[in-house]
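A.B. asks: coords please:
(one chain, ligands or ions: 1)
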Amino acid sequence: MPVPQSVRVDEKYRDLLLTVDSGADIPPDWQDTPIAALIMAQNFGWPIQASGKAELLIATCIEFRHALPVPRMYAYVIRRASGRVIGSEFSVGYTLAQGVKYLVLIGHNDCGMSKVKETAPLVVDAFVDQGWSRAAAEEYVHKHATRHAIGDELDALRDEYQRLRMIFPKLEIAPLFVCLHDSRLYIPKWFLDIEKPDHSNYPANVSAEIIADLP
Ligand SMILES: [Zn+2]
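C.D. replies: Numbering: from 1, shown residues only. I've put the predicted structure just below:
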């Protein structure tokens, strides 16, 4: 699987991302938080000092071309295809119970989940190779490919960010985008235009319907 070109030159992404070329480019709300520490580690190789307690929850794709720069005793990590945590809300709640106050949600370019339709027949073959009947494999893959598929990676990141904001309104969530070319983190431009929650005075009244609809 080839490494894609940098998002800085890829027309699909280059005008939709903000670069972080120094610590000053990190939004004020994230300064002096584990979010900033992760960005500085990923973009500039700054070492993260583990405090011995869980500082951060990182949710990102299963993508093997992206490695996280975190030491042990620092972060919980949820890695799922596309990086969305839908279906893992219990895991988020568990980390909150352990004291986590920050979630970094990382999307990336060239995500396989944006091409699931093309790869679905190969996934069916993989299940058949494991001994599944072709009919069962096709039914399963059809159901889950639909659930896992995303369209545009940046749009999917925004949708998941907004969905999680509704479910975890007091959690500081940082949507980031990693470039598989060089592992640098970017901030989606749409994040600037989104109204930010006031964590000190947020009406923590999550709709029962939203909770009942969680998978
Ligand atoms: Zn991916």
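A.B. asks: Near the ion, which residues of this structure are found?
C.D. replies: Residues of the chain found near the ion, taking C-beta under 5 Å from the ion as the criterion, are Cys61, Glu63, Cys111. From N, CA and C alone the C-beta is placed, and that goes for glycine too.
A.B. asks: Go again with 8 Å.
C.D. replies: Residues of the chain found near the ion (C-beta under 8 Å from the ion) are 61-63, 81-83, 107-108, 110-114, 153.
A.B. asks: Can you select the buried ones from these in PyMOL?
C.D. replies: In PyMOL, selecting the buried portion of the residues of the chain next to the ion, with burial taken from 16 or more other C-beta atoms under 10 Å, looks like this:
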select buried, resi 61+63+81+82+83+107+108+110+111+112+113+114+153
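A.B. asks: and which of the residues of the chain next to the ion is nearest to Leu96?
C.D. replies: Lowest distance from Leu96 to the residues of the chain next to the ion (C-beta to C-beta) belongs to Gly83, with 18.9 Å.
A.B. asks: helix/strand/coil for that closest one?
C.D. replies: Three-state assignment for Gly83 (DSSP: H, G, I helix; E, B strand; the rest coil): coil.
A.B. asks: Quick check: chain neighbours aside, which residue is closest to it?
C.D. replies: If you skip the residues right next to it in sequence, Gly83 has Cys61 as its closest partner in space, 4.1 Å away by C-beta to C-beta, 6 or more residues apart in numbering.
A.B. asks: my guess is that neighbour contacts Met113, does it?
C.D. replies: Yes - Cys61 is in contact with Met113 according to C-beta atoms under 8 Å; the separation is 7.3 Å.
A.B. asks: So what does the residue of the chain most remote from its centre look like in phi/psi?
C.D. replies: In terms of distance from the mean C-alpha position of the chain, Ser133 ranks first, at 33.3 Å (C-alpha atoms, centre = their mean). Here is the backbone geometry of Ser133 (degrees, to the nearest 10): phi -70, psi 150.
A.B. asks: returning to that earlier point: keep only those of the residues of the chain next to the ion that are in strands.
C.D. replies: Here DSSP state E is the test, and these give Gly107, His108 as lying in strands.
A.B. asks: now the residues of the chain next to the ion as JSON lines including distance to Val124 and pLDDT?
C.D. replies: Listed next are the residues of the chain next to the ion as JSON lines, based on distance: C-beta to C-beta, whole Å; pLDDT from 0 to 100:
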{"residue": "Cys61", "distance to Val124": "21", "pLDDT": "98"}
{"residue": "Ile62", "distance to Val124": "19", "pLDDT": "97"}
{"residue": "Glu63", "distance to Val124": "21", "pLDDT": "97"}
{"residue": "Ala81", "distance to Val124": "16", "pLDDT": "95"}
{"residue": "Ser82", "distance to Val124": "19", "pLDDT": "95"}
{"residue": "Gly83", "distance to Val124": "24", "pLDDT": "96"}
{"residue": "Gly107", "distance to Val124": "26", "pLDDT": "98"}
{"residue": "His108", "distance to Val124": "25", "pLDDT": "98"}
{"residue": "Asp110", "distance to Val124": "22", "pLDDT": "96"}
{"residue": "Cys111", "distance to Val124": "20", "pLDDT": "97"}
{"residue": "Gly112", "distance to Val124": "15", "pLDDT": "95"}
{"residue": "Met113", "distance to Val124": "16", "pLDDT": "96"}
{"residue": "Ser114", "distance to Val124": "19", "pLDDT": "96"}
{"residue": "Glu153", "distance to Val124": "24", "pLDDT": "97"}
